[in-house]
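Asker: would you be able to build a 3D model of this:
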Amino acid sequence: MCGDKEDDTEKLLDATKTIKSLIANEDAPSNSLEDLLIDSLTSVSSFFDDLYLLRSFGIISDTNFLYQKLNKGDIGSKVWLVSLLLSIRRSLTRLYTLIRLKLKLRKECMNIASTYSPGFKKLVKEKILAESNQLSLKIRSLCMDLLQDLLYMIIVSIDIFKINLSLKFKRALELISSAATVLKFVSSSYQISL
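Answerer: Alright, predicted model coming up:
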C-alpha cells in the first residue's frame, strides 16, 4: 500500500514537472534583436496609437499642433506601419506557440487518463485545467491585440499609400479600431482585477 502511494506521488511529481516545463518554455522571455526592435518601435508607436485614438474620439482635431507635427511627411505613420507589421508577425508566432502549448496540455491530460489512479487523475486534471484556462486568457488577449494591430495597419496603409476610400468606409474603420482598443483596455482591466 505504501509503495503505491510513493509510486503515485512520483507520477504526480513527474506530471507536474512536465506541465511546468511546457508552461515555462512558453513564458520564457525572448531577448532577440527582433524583439528588442519590435518593443522599441511599439513603445514609440503606442504614442501614435494613443494620439490617433484621441483624434478618432474627437478629443483633438486634425489641426492639433502635435498631431500635425507627427504626421508631417508621414514619417510617424511609416514608423507606425513598420511597428505594426513586426508586431503582427510576432503576435502570429506567439499565437501559434500558445495554441501548440494548449494542444500539448490536452495531450498530457489524455495521458493522465491511462496513467494515474482516480484520485491523482482528478488533482492533475484540475492543475492542467487551471493552466489551460490561463492559456485561453492569453490567447484571447493576443487575438484582441492582433485584431487591433490589423485594423490600425489597414488604416495606416490607407493613409500612407493614399488609397481612395469613401469617407464613410474610412470612418467605419476608425470606429471599429477605436472600439477594439477600448474593448482590449476594458478586458485587460477586468482580467487584472480577477
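
Asker: spatially central residue for the protein, please.
Answerer: residue 142 (2.1 Å; C-alpha atoms, centre = their mean).

Asker: any idea how many residues pack against residue 107?
Answerer: Counted with other C-beta atoms under 10 Å, the neighbours of residue 107 add up to 11. The C-beta positions use only the backbone N, C-alpha and C, and glycine is treated the same way.

Asker: I'd like the next helix or strand past the host helix or strand of it.
Answerer: Using DSSP states H and E, the element containing residue 107 is helix 75-115. Following helix 75-115 in sequence order, the next helix or strand is helix 118-160 (DSSP H and E).

Asker: what helices or strands is that following helix leaning on?
Answerer: Judged by 3 or more C-beta pairs under 8 Å, 6 or more residues apart in numbering; DSSP states H and E, the packing partners of helix 118-160 are helix 2-27, helix 33-56, helix 75-115, helix 167-193.

Asker: just the buried residues of stretch 42-62, please?
Answerer: Buried residues in stretch 42-62, counted by 16 or more other C-beta atoms under 10 Å: 42, 45, 48-49, 51-56, 60.

Asker: now that stretch: mean pLDDT?
Answerer: In this model, stretch 42-62 has an average pLDDT of 78.

Asker: now do stretch 166-183
Answerer: 80.

Asker: where in the protein is pLDDT low?
Answerer: Residue ranges of the chain with pLDDT under 70: 1-16, 18-30, 71-73, 113-116, 184, 187-194.

Asker: wait, what's in contact with the residue nearest to the centre of the chain?
Answerer: The contact partners of residue 142, taken as C-beta atoms under 8 Å, 6 or more residues apart in numbering, are 91, 94-95, 98.

Asker: quick one: which of the residues you listed is nearest residue 185?
Answerer: residue 91 (17.2 Å; C-beta to C-beta).

Asker: burial count for the nearest residue to the closest one once chain neighbours are set aside?
Answerer: Excluding its sequence neighbours, the residue lying closest to residue 91 (C-beta to C-beta, 6 or more residues apart in numbering) is residue 146, at 4.6 Å. Using other C-beta under 10 Å as the criterion, residue 146 is surrounded by 18 other residues.

Asker: for residue 146, give me its contacts.
Answerer: Taking C-beta under 8 Å, 6+ apart as the test, what residue 146 contacts is 88, 91-92, 95.

Asker: how about 7 Å then?
Answerer: 88, 91, 95 (C-beta atoms under 7 Å, 6 or more residues apart in numbering).

Asker: go on, residue 109?
Answerer: By C-beta under 7 Å, 6+ apart, the neighbours of residue 109 are 125, 128.

Asker: how far away is it from residue 171?
Answerer: According to C-beta to C-beta, to the nearest Å, residue 109 and residue 171 sit 47 Å apart.

Asker: cool, residue 112 as well?
Answerer: 52 Å.

Asker: more neighbours, the two?
Answerer: Between residue 112 and residue 171, counted using other C-beta under 10 Å, the more crowded position is residue 112 (20 against 12).

Asker: hmm, residue 121 and the more buried one touching each other?
Answerer: Yes: the pair residue 112 / residue 121 is scored as a contact, 5.5 Å apart, by C-beta atoms under 7 Å.
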